[in-house]
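Undergrad: everything below, folded, please.
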Amino acid sequence: MSKVRCTIIGVGNCASSLVQGVHYYRNARVNGRIPGLMHVKLGEYHVGDIEFVAAIDVDRNKVGKDLAKAIYTSPNNTYKFCNVPRTGVKVARGMVHDGLGEYLSKIIKPAPGPTADIVKILKETRTDIVINFLPVGSEEATKWYVEQILEARCGFVNCIPVFIASEKYWEGRFKEKRIPIVGDDVKSQVGATILHRVLTNLFIKRGVKLERTSQLNVGGNTDFLNMLERSRLESKKISKTRAVTSMLPYSIKSDDVYIGPSDYIAWLKDRKWAHIRLEGRTFGDVPLTIELKLEVWDSPNSAGVVIDAVRYCKMAMDHGISGTLRGPSSFLMKSPPVQYPDNEAGRKVDRFVSLYGRRRIKEVRPNSGRRAKSAAG
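TA: Prediction:
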């Protein structure tokens, strides 16, 4: 059975949870419900078919280490639920650009030496899918890596709020190279965004007018430390706000919506507290309020979603589909090019699998000369 060969950019908490999870579930039974996974087998790809062939970071404490060791290296502080054996994959030295902001640069020092030849790494490892886990606000760094990915002709899963899959220019570049992309900004499995969307949709379906809403998030990982630098927050706030307000069939004043990271509490480590409040009017214009608190370990909460994203992307590559995968992007990401309601997005990914998951053809590599199809799903 073919593998899904993945390269990770950014060996932080999210990478740690993903690598641990792939090893943890590598022998999961296909039949039956497995806690933590939406799909044990998606199309023809089992979780255990995902393998990591390269990893890229800039931290001098991680570069040169085996990936299995680097994922547990400080400042990573997520939940350790699996001992990952040696992988044979050494973390390569990446490009810094704007990846280290004011606060991260105080605790992370770049490794000495030049940036590795990223295109060469991707080609030599025969990478299928590149996963972007760079820090929030890494606009220029992400775009630089995208250029390397386009040159190497790999699929791309963009897990951060830098708008690539949702921008026509970048989607056109991926179509030109005949490769797929899933993005932007990964939703957690049961996180603040999906929960906020469900509650917003509940208001709409039950005839309650949403007037004001807020989502205040605090955590203790490097993501929250990084976002203390407010200038790096713009795309994150846009992404999270769009994900919720896109559910509304009417406009809501910007002053009546606040959705975004709020503060950093070091002792929380990779835990996140999300405080969500919705205020509306119900029958007879009587006020109605919902207020709740969600507590999760942040990085494991998104890892299962990324496991599905790379498999959708690989299915697209197998069938010569290029550009942004709209169904998978809407189902899995906060800022896709089209915001479908969650139930509709779910139907679209089911259709995507029915079309491309069980009707395997000879794998279409982007450089094979075969004409690629437009993005589907």
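Undergrad: ranges for the strands of this structure?
TA: Ranges of strands in the chain, per DSSP state E, are 4-9, 41-42, 45-46, 50-57, 91-93, 129-132, 155-158, 180-182, 209-219, 257-264, 271-282, 286-297, 323-324.
Undergrad: can I get these in CSV including distance to N226, mean pLDDT and mean neighbour count?
TA: Every residue, glycine included, has its C-beta placed from N, CA and C. Output for the strands of the chain, formatted as CSV (distance: least, C-beta to C-beta, whole Å; pLDDT from 0 to 100; neighbours: other C-beta atoms under 10 Å):
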stretch, distance to N226, mean pLDDT, mean neighbour count
strand 4-9, 16, 98, 26
strand 41-42, 31, 96, 20
strand 45-46, 32, 96, 21
strand 50-57, 15, 98, 24
strand 91-93, 19, 98, 23
strand 129-132, 15, 98, 26
strand 155-158, 17, 98, 29
strand 180-182, 23, 98, 32
strand 209-219, 11, 97, 19
strand 257-264, 9, 90, 18
strand 271-282, 14, 97, 19
strand 286-297, 18, 98, 13
strand 323-324, 26, 98, 28
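Undergrad: present the ones you listed as JSON lines; the columns should include distance to P249.
TA: Converted to JSON lines, the strands of the chain look like this (distance: least, C-beta to C-beta, whole Å):
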{"stretch": "strand 4-9", "distance to P249": "38"}
{"stretch": "strand 41-42", "distance to P249": "32"}
{"stretch": "strand 45-46", "distance to P249": "37"}
{"stretch": "strand 50-57", "distance to P249": "39"}
{"stretch": "strand 91-93", "distance to P249": "47"}
{"stretch": "strand 129-132", "distance to P249": "33"}
{"stretch": "strand 155-158", "distance to P249": "28"}
{"stretch": "strand 180-182", "distance to P249": "27"}
{"stretch": "strand 209-219", "distance to P249": "10"}
{"stretch": "strand 257-264", "distance to P249": "15"}
{"stretch": "strand 271-282", "distance to P249": "14"}
{"stretch": "strand 286-297", "distance to P249": "18"}
{"stretch": "strand 323-324", "distance to P249": "25"}
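Undergrad: quick one, what contacts the residue most central in space within the chain?
TA: In the chain, the centroid-proximal residue (C-alpha atoms, centre = their mean) is C159; its distance is 2.6 Å. Contact analysis of C159 by C-beta atoms under 8 Å, 6 or more residues apart in numbering lists 14, 131-133, 183, 185-186, 302, 306, 309.
Undergrad: please repeat the previous calculation with a cut-off of 10 Å.
TA: With contact set as C-beta atoms under 10 Å, 6 or more residues apart in numbering, C159 has these partners: 8-10, 14-15, 18, 131-134, 182-187, 302, 305-306, 309, 332-333.
Undergrad: before we move on, what about D298?
TA: So D298 contacts 13-14, 17, 78-79, 188, 191-192, 217, 219-221, 223-224, 268-272, 274 (C-beta under 10 Å, 6+ apart).
Undergrad: so what's it closest to, chain neighbours aside?
TA: Once flanking residues are discounted, D298 sits nearest to K272: 4.4 Å by C-beta to C-beta, 6 or more residues apart in numbering.
Undergrad: ok, that neighbour to H23 distance?
TA: 24 Å (C-beta to C-beta, to the nearest Å).
Undergrad: what sits against the closest residue to P85 other than its chain neighbours?
TA: Once flanking residues are discounted, P85 sits nearest to A68: 6.1 Å by C-beta to C-beta, 6+ apart. By C-beta under 10 Å, 6+ apart, the residues touching A68 are 19-20, 23, 52, 83-89.
Undergrad: now L18
TA: Residues near L18 by C-beta under 10 Å, 6+ apart: 6, 8, 50, 52, 71, 131, 133, 159, 299-300, 302-307, 310.
Undergrad: can you map out the helices along this protein?
TA: All helices of the chain, identified by DSSP state H, fall at 13-24, 67-70, 104-107, 118-124, 139-152, 168-177, 192-205, 222-226, 234-245, 300-318, 326-332, 342-356.
Undergrad: please identify the most buried of those helices.
TA: Counting by mean count of other C-beta atoms under 10 Å, helix 326-332 has the highest mean neighbour count of the helices of the chain, with a mean of 27.
Undergrad: S17 against V186, yeah?
TA: No. Taking C-beta atoms under 10 Å as the definition, S17 is not a contact partner of V186, at 11.6 Å.
Undergrad: where do the contact lists of the two overlap?
TA: Common neighbours of S17 and V186 (criterion: C-beta under 10 Å, 6+ apart): 301-303, 306.
Undergrad: and those, which two are furthest apart?
TA: Greatest spacing in these, by C-beta to C-beta: N301 and V306 (10.7 Å).
Undergrad: what sits in contact with each of those two?
TA: Common contact partners of N301 and V306 (C-beta under 10 Å, 6+ apart): 14, 17, 186, 189.
Undergrad: hang on, the earlier thing: and the contacts of A68, which is closest to G327?
TA: F52 (25.8 Å).
Undergrad: so that closest one makes contact with S16?
TA: No. Using C-beta under 10 Å, F52 makes no contact with S16, being 11.8 Å away.
Undergrad: so what's in contact with these two at the same time?
TA: In terms of C-beta under 10 Å, 6+ apart, F52 and S16 are both contacted by the residues 8, 67, 71, 84.
Undergrad: and the first one, what does it touch?
TA: For I8, the contacting residues are 14-16, 18-19, 52-57, 67, 70-71, 89, 91, 129-133, 159, 306, by C-beta under 10 Å, 6+ apart.
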